[in-house]
Structure formats: C-alpha cells, structure tokens
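Engineer: Fold the following for me, if possible:
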Amino acid sequence: MKDLVKDPAPVTGQDVGPAGGEAAGDTGSRKLGDRFRAWRLVVEAPSRATLLISGLLTILTWQLPAFSPIEPKGDYDYGLLIAMARHFGLSFGDRIATTYGPLYFLAIPSTTVRAEVAVGFLFWFVFTTGCLAACFQAFQGRIGTRWAWVACGALAVSFSIVPLTGVITATPGFVAVLAVCHALGLLPKWAERAFPVVMGLVTAAMLLTKFSVGLMCGPIVLGAVLVRPGRRLREFAEFAVSGVVGLVLLWIVAGQPPTQVVQYVVRALSVGSGHAQSMGLEPTNSAWEYLVAAAVTIVLAVGVARIKVDGWRWPLWLGLLAAGWLLFKQGFVRHDSHSAQYFAVLFALGVLFAVLQRSAVLAMVAAVSLLAQAASFGGGLWTIDPVHSLHTFADGATIVASGSHRDAVQEDARAELRKRTDIPQRFLTRIGTQPVRSEPFDQAIAWTYGLTPAIPPTLLNYGAYTELLDKMNESWIADDVNAPRFVIRENTRITLDGRFALWDPPRTELAETCRYTLVDSTDRWQLLERGPNRCGAERELSSTHLAAGQSVPVPTAADGVVVARVYPEQSLAERAWGFLFKPDDLNVSLDGEAFRLPWTHSDAPLMVSAPQEPSVKLAGRPLQAGNLSMSAPGRVVFSVVGRK
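Structural biologist: A predicted model of the protein is given here:
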C-alpha cells in the first residue's frame with residue numbers, strides 16, 4: 001500500500017555516475033529527473049498512484065452528462081437555451097438574466113457545442129481529481145492509507161447521487177472540506193500553498209457558471225484564509241486578487257462585454273433574491289427531511305465549534321454559517337430532489353469530522369446524512385451505478401472526439417422531440433424563417449424543426465422571478481425590432497407549480513396579448529402572430545379590501561382587458577421568514593379555481609377578463625372571471641386596459 005502514496009527515494013547524481021558509454025545528454029536528463037523528484041518530495045506532491053486512483057474515482061462516480069435536448073420541458077430546455085444564447089452572441093450582462101452565467105458549460109455542457117463539452121469535462125476531471133488527491137493526503141495522516149481511500153471514495157459517491165449535475169453540489173462540498181483542512185494546516189504543501197489562488201479562481205468560475213454556487217464558495221474560502229496568524233493578509237490578498245482578476249478575465253474570455261460584468265452581478269442577485277418568493281415547493285411527504293437535516297446539522301455545528309485552530313475561529317464559523325444558509329435554501333426552498341444537495345455537503349463535513357476526531361459516532365452521523373440524501377434523490381443507495389457513470393463519461397468523451405457521433409445524438413434527439421411535440425406542418429410553413437418562441441416550455445421547438453429561435457431575457461417564462469425580470473421580458477416583447485414574429489403557445493391553463501399561464505409572468509403576458517393575435521390552433525397548440533399594439537391606457541375601475549378566502553366580484557368592461565393588481569398583507573415575522581427561508585404559498589382564485597402567484601408579482605397586472613380576445617381562450621375556456629379571491633388578506637385594484 002505504500003506505493004499508493006510514496007514515490008521511491010530520488011537517486012542523486014552523487015549516488016550513481018554515468019556509465020562508460022553513456023552519453024552526456026542522458027546524464028543531464030537523469031539529473032533533471034532527480035531534481036523533479038526532489039521537488040515533488042519538498043512540496044509533498046501526490047504520487048502517480050494517488051493521482052491514478054483519484055482519477056478513477058472521478059470517472060467511476062461521474063455525474064456530468066453532455067446535455068442533449070432530449071426532454072421537451074425542464075432543465076434540458078434551460079440548458080439548450082443558454083447554449084443558443086451564447087451561440088447567438090447575446091450578452092449575459094444586459095440581455096440575458098438567469099441563474100446560470102456564460103460559463104454554464106462547466107456545469108451543464110450542451111452537445112450543440114463540442115468544444116464546450118470538452119472544456120466542461122476537462123475542468124471537472126482536473127478539479128475533482130485534484131480535490132480527491134488533496135483530501136486523501138490530508139486524511140492519510142489521521143486514519144491511514146486504507147481508511148483515507150474509503151473516506152475519499154465515500155465523498156465521490158455522495159457527490160454523484162445528486163440531481164442534474166454533480167458540479168453544483170460537489171464544488172461547495174469539496175471547498176468546505178478543503179477549507180477546514182486548510183484552516184487546520186492539514187493540507188499537503190502543494191495544496192496549502194495553492195489554496196487561496198486556486199479557490200479564488202474557482203469561486204470566480206462558479207460565479208460565472210451558476211452564480212449561487214460561487215456565492216456559497218466565497219464565504220467558506222474567505223473564512224479559511226483569515227484563520228491562521230502570520231499569513232492572513234497575504235492569503236486574503238491572494239484570494240481577493242485572483243478572484244476579482246479571474247472574474248473579469250473569465251468574463252472576457254467567455255466573449256462578454258468587459259463593461260457589463262457589474263450588470264451581470266446585479267441581475268444575478270435579482271434572480272437569486274426572487275427564487276424563494278417564486279419557486280418555493282413543499283411536498284407533504286418530506287417533513288422527515290427537516291428532522292434529519294436539523295439533527296445532523298446540530299451535531300456538525302458542535303463539531304465545527306470544537307475545532308481547535310492556531311488563530312481566529314470565528315471567520316471560519318461565519319463562512320460555514322453563511323454558505324450553509326445559502327445551501328439550505330437551495331436544497332429546501334424548492335423541496336424536491338434538491339435537498340439531496342444539502343445532505344451531500346452535510347455528509348462531506350460529517351466524513352471530515354469523523355476523520356479529524358477518529359470518531360465512529362460521527363461516521364454514523366455522516367451515514368445517516370448519506371441515507372437521507374439517497375432517499376431524497378429518489379432511489380436509495382442502489383441508484384449508485386459506476387457502470388452508468390462510466391457510460392456517461394465515455395459518451396461525453398465520444399461526442400468530443402467524433403463529430404459524427406455528436407450529429408447522431410442530436411438527430412436522435414430531434415426525432416424524439418418531433419414525436420413528442422408534433423407541431424403541425426401548416427404552423428411551420430407559416431412561420432418560415434421568421435423568429436419564433438414557444439411558451440411556457442418546449443423551448444427546443446425552434447431547434448428541433450430548424451426554425452429561427454427568439455430568446456427572451458429570462459429564457460423561460462417562469463424564470464422571471466422578480467418585477468425587474470418581468471419588466472425585462474415585457475420590454476423585449478414590446479420591442480418591434482427584437483421581439484419574435486410568432487409565438488407557439490401550448491394550449492393549457494396551468495404551467496409550473498399550478499400557475500396560471502396568462503400570469504406567468506403577468507406583465508409579459510399582458511404585453512403579448514396586446515401585440516399578438518391568434519392565427520391558428522389545434523387542441524394542443526396555438527400559433528400567435530405579431531401585429532400592431534392594440535392596447536391603450538389603463539383605467540382604474542374599483543378597489544376593495546378583502547379577507548383571506550373572501551370573494552369579490554370582478555367588474556366588467558365593454559371593451560379591453562380587465563386586470564387585477566393584488567396587494568397581500570404580510571406581518572413583519574412573515575416577511576422575515578420569507579427572507580430567511582421561504583414564504584407560504586400565495587394563491588389567487590378565479591371563480592374558485594386557485595392559481596399560485598409568486599409574491600414578487602403581487603403588484604403586477606393579472607388578466608382576469610377578456611371574453612372578446614381569442615388568444616387568451618386556453619383549453620377551450622374564455623377568460624371571463626366572475627369573482628376573485630386570495631389566500632391572504634389584502635387589497636385588490638381592478639382596472640381595464642382599453643383598446644386603441
């Protein structure tokens with residue numbers, strides 16, 4: 001087992017001289033090799049076997065697919081639109097506002113661009129292999145070679161049973177483990193010296209990949225570099241400079257306008273601030289996860305508090321607390337399989353503290369978190385499948401190496417999507433080469449049928465989490481130059497999480513109703529075509545205060561679209577809880593049919609009656625509400641948007 005971690009002692013020039021017939025060049029090469037081996041010993045570089053095993057663990061637990069738009073809805077839609085936005089040169093500073101940035105391909109590489117798959121795979125392989133090697137060397141001194149590999153293997157397995165892609169979970173997980181090891185001085189010299197700079201670059205890369213992941217990593221690293229005396233200023237400067245410079249350089253390398261990086265950060269913060277208000281989800285059968293998460297978190301918090309370091313402990317505490325809060329919100333605001341991400345990082349910290357204290361009890365606590373993670377992910381521990389991971393890695397590598405294989409993958413995806421969407425040929429003929437978008441989902445339609453795609457700022461309708469984002473989409477729809485000529489709309493009243501299609505998002509849908517008319521339809525699809533703006537000024541009709549659940553009549557208007565603006569009331573405690581975690585659901589009902597409304601859209605114009613407008617007749621039902629109620633007390637103002 002020693003060969004797994006140690007290289008043979010270097011042979012120096014004093015030990016052996018050149019053979020009688022040996023060329024002088026051979027002697028020089030040997031001396032160079034001797035110097036390299038001596039350098040590796042000085043910096044405590046991992047052995048070749050350590051790197052090999054770390055690389056194998058990375059591949060056998062690979063959870064970074066090359067994303068093909070095979071699914072007509074959801075995250076695959078999202079990934080395709082981001083790739084298309086970058087392909088068409090749309091700026092992520094002033095044109096696109098999403099949870100992902102221009103380096104999205106480090107987490108969700110799309111098969112539409114082989115080079116992005118190559119870069120994404122290479123980055124993740126190098127990052128994960130390096131992290132596992134550093135963790136192994138840090139653990140080995142505490143628990144020996146065999147158990148150190150067991151701990152590293154457990155980390156790799158845990159980070160592979162998460163939704164969508166392992167990057168979003170494993171990055172803060174590895175950063176947390178390495179940060180604690182750095183604060184305690186346990187990292188090998190090579191990792192110790194590189195930690196501030198590398199983590200600054202990783203944080204910058206993650207801010208441009210998935211902004212929330214970068215926000216989690218930043219406080220952890222900052223807390224770690226401020227712990228140890230005598231090096232705080234230097235390490236802080238290295239982290240800060242590498243992070244800021246790396247953010248700007250990576251932004252430019254990604255093809256983004258240099259002056260718009262600040263706009264990207266501002267809009268990314270807006271997306272993040274509205275996530276809990278609009279995307280909260282709470283299933284009725286998952287309350288047990290809170291109990292497990294609370295118990296494991298308390299045990300690990302005690303473990304963090306008991307850490308003895310040579311210096312300040314509070315920066316590390318605050319860094320882990322801030323990151324833990326963000327990670328908890330990411331996992332439990334939308335409480336579905338996302339909670340697996342929180343449990344995975346808890347498991348990583350549990351393994352770390354079990355190693356540090358050589359504690360079987362903490363190892364059992366970590367195991368509880370792993371079991372909760374597997375159950376949350378939806379399949380249990382038997383979903384761990386190294387063969388599937390190896391196939392995922394091999395498929396992505398084949399796509400990079402073979403253009404014909406990539407083309408076959410994409411053609412298979414197109415054929416499957418044509419079957420699922422079944423857009424009528426007459427729609428396609430009428431659209432021709434004109435720009436078209438689809439809503440509320442199915443953004444792959446343009447790509448599938450070879451149409452010219454039109455991409456809204458938030459990519460998907462439900463991505464307009466806040467008033468700012470809804471207004472960005474509204475301005476895009478109102479723009480006669482950049483707005484699409486056609487819209488393919490699914491003929492359904494319900495979108496994500498029980499929302500009303502005509503309110504998702506409200507301002508954008510009203511602007512669309514004013515400018516698009518229904519020109520063709522089937523039972524499943526509507527085709528809308530752009531025309532002149534038919535809407536005039538908005539005029540108030542009535543205002544009333546209502547109790548929770550109380551119905552009020554919707555006023556009528558001879559012409560135009562009747563809209564309602566709701567102003568639900570929240571106590572100070574409810575607002576605080578909504579900020580720290582997530583608010584209760586807000587439902588607005590039309591004639592007893594309840595629709596979920598994001599709190600961030602409570603001041604927006606909700607279309608409630610336009611019986612004369614064919615384009616808002618969804619699922620065979622005209623828009624003609626007789627009464628309105630709300631799940632919270634508050635005020636409602638009715639207005640009519642007149643016709644020109």
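Engineer: contacts and neighbour counts: CA atoms only from here.
Structural biologist: OK.
Engineer: care to break this structure down by domain?
Structural biologist: 51-270+282-386, 421-641 (the TED database).
Engineer: and residue 394, which of those is closest to it?
Structural biologist: Closest to residue 394 of the domains of the chain is domain 51-270+282-386 (Cα to Cα; 9.1 Å).
Engineer: Show me how far the closest one is from its chain's centre.
Structural biologist: A distance of 11 Å separates the centroid of the chain from that of domain 51-270+282-386, by Cα atoms, centre = their mean, to the nearest Å.
Engineer: Nearest to residue 409, out of the domains of the chain?
Structural biologist: So among these, domain 51-270+282-386 is nearest, using Cα to Cα, at 7.5 Å.
Engineer: can you tell me the helix or strand for the nearest residue to residue 464 once chain neighbours are set aside?
Structural biologist: Nearest non-adjacent residue to residue 464, counting by Cα to Cα, 6 or more residues apart in numbering: residue 470, 5.0 Å away. Following DSSP states H and E, one finds residue 470 within helix 467-478.
Engineer: go on, residue 594?
Structural biologist: Residue-wise, residue 594 maps onto strand 593-596 under DSSP H and E.
Engineer: and that strand, how far from the chain's centre?
Structural biologist: 28 Å.
Engineer: Contacts for that strand, please.
Structural biologist: Under the criterion Cα atoms under 8 Å, 6 or more residues apart in numbering, residues 497, 498, 499, 500, 585, 586, 587, 588, 589 lie in contact with strand 593-596.
Engineer: ok, what's across the strand from the residue positioned nearest the centre of the chain?
Structural biologist: Computing the C-alpha centroid of the chain and ranking residues by Cα atoms, centre = their mean puts residue 210 first, at 5.0 Å. Per DSSP bridges, the residues bridged to residue 210 are residue 100.
Engineer: What are the boundaries of the helices in the stretch 301-450 of the chain?
Structural biologist: Using DSSP state H, counting those that start in this stretch, the helices of the stretch 301-450 of the chain run over 314-332, 339-357, 360-377, 386-401, 403-421, 425-431, 445-449.
Engineer: about what we covered before: was I right about the residue nearest to the centre of the chain contacting residue 102?
Structural biologist: No: the criterion here is Cα atoms under 8 Å, and residue 210 misses it with residue 102 at 9.1 Å.
Engineer: Name the next helix or strand downstream of the strand or helix carrying residue 513, please.
Structural biologist: Per DSSP H and E: residue 513 is located in helix 506-515. Proceeding N to C from helix 506-515, the next assigned helix or strand is strand 516-521, under DSSP H and E.
Engineer: which SS class is residue 161?
Structural biologist: Following DSSP: H, G, I helix; E, B strand; the rest coil, residue 161 is assigned to coil.
Engineer: on that earlier part again, what comes up buried for the helix holding residue 470?
Structural biologist: 467, 469, 470, 471, 472, 473, 474, 475, 476, 477, 478 (16 or more other Cα atoms under 10 Å).
Engineer: can you give me the angle that helix makes with helix 506-515?
Structural biologist: Helix 467-478 runs at 10 degrees relative to helix 506-515, counting by axes from the mean of the first three to the mean of the last three Cα atoms, to 10 degrees.
Engineer: now the angle from helix 467-478 to strand 516-521?
Structural biologist: 70 degrees.
Engineer: C-alpha coordinates for helix 467-478, PDB please?
Structural biologist: Extracted as PDB, the C-alpha positions of helix 467-478 are listed here (Å, rounded to 0.1, in the frame of the first residue of the first chain):
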ATOM      1  CA  GLU A 467     -40.600  42.600 -11.100                       C
ATOM      2  CA  LEU A 468     -37.200  43.600 -12.700                       C
ATOM      3  CA  LEU A 469     -37.000  40.400 -14.600                       C
ATOM      4  CA  ASP A 470     -40.700  40.500 -15.700                       C
ATOM      5  CA  LYS A 471     -40.200  44.000 -16.900                       C
ATOM      6  CA  MET A 472     -37.100  42.900 -18.900                       C
ATOM      7  CA  ASN A 473     -39.300  40.300 -20.700                       C
ATOM      8  CA  GLU A 474     -42.100  42.900 -21.200                       C
ATOM      9  CA  SER A 475     -39.700  45.400 -22.800                       C
ATOM     10  CA  TRP A 476     -38.400  42.600 -25.100                       C
ATOM     11  CA  ILE A 477     -41.900  41.700 -26.200                       C
ATOM     12  CA  ALA A 478     -42.800  45.400 -26.700                       C
END
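Engineer: counting contacts, what elements does it pack onto?
Structural biologist: Packing partners of helix 467-478 (3 or more Cα pairs under 8 Å, 6 or more residues apart in numbering; DSSP states H and E): helix 261-279, helix 506-515.
Engineer: Can you tell me what sits against it?
Structural biologist: 97, 270-271, 456-458, 463-464, 482-484, 505-509, 511-512, 515, 600-601, 604.
Engineer: Buried only: go through these for me.
Structural biologist: For the contacts of helix 467-478, buried by 16+ other Cα under 10 Å: 97, 270-271, 456-458, 463-464, 483-484, 505-509, 511-512, 515, 600-601, 604.
Engineer: How much space separates residue 580 from residue 326?
Structural biologist: 9 Å (Cα to Cα, to the nearest Å).
Engineer: can you give me the strands in the stretch 501-644 of the chain?
Structural biologist: 516-521, 525-530, 535-546, 552-553, 561-568, 587-590, 593-596, 606-609, 627-630, 634-643 (DSSP state E, counting those that start in this stretch).
Engineer: Out of the ones you listed, which is closest to residue 434?
Structural biologist: strand 525-530 (10.4 Å).
Engineer: That closest one pairs with which strands, parallel or anti?
Structural biologist: strand 486-490 (antiparallel), strand 516-521 (antiparallel).
Engineer: Throw these into TSV and include distance to residue 122, thanks.
Structural biologist: As requested, the strands paired with strand 525-530 are exported to TSV (distance: least, Cα to Cα, whole Å):
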stretch	distance to residue 122
strand 486-490	38
strand 516-521	45
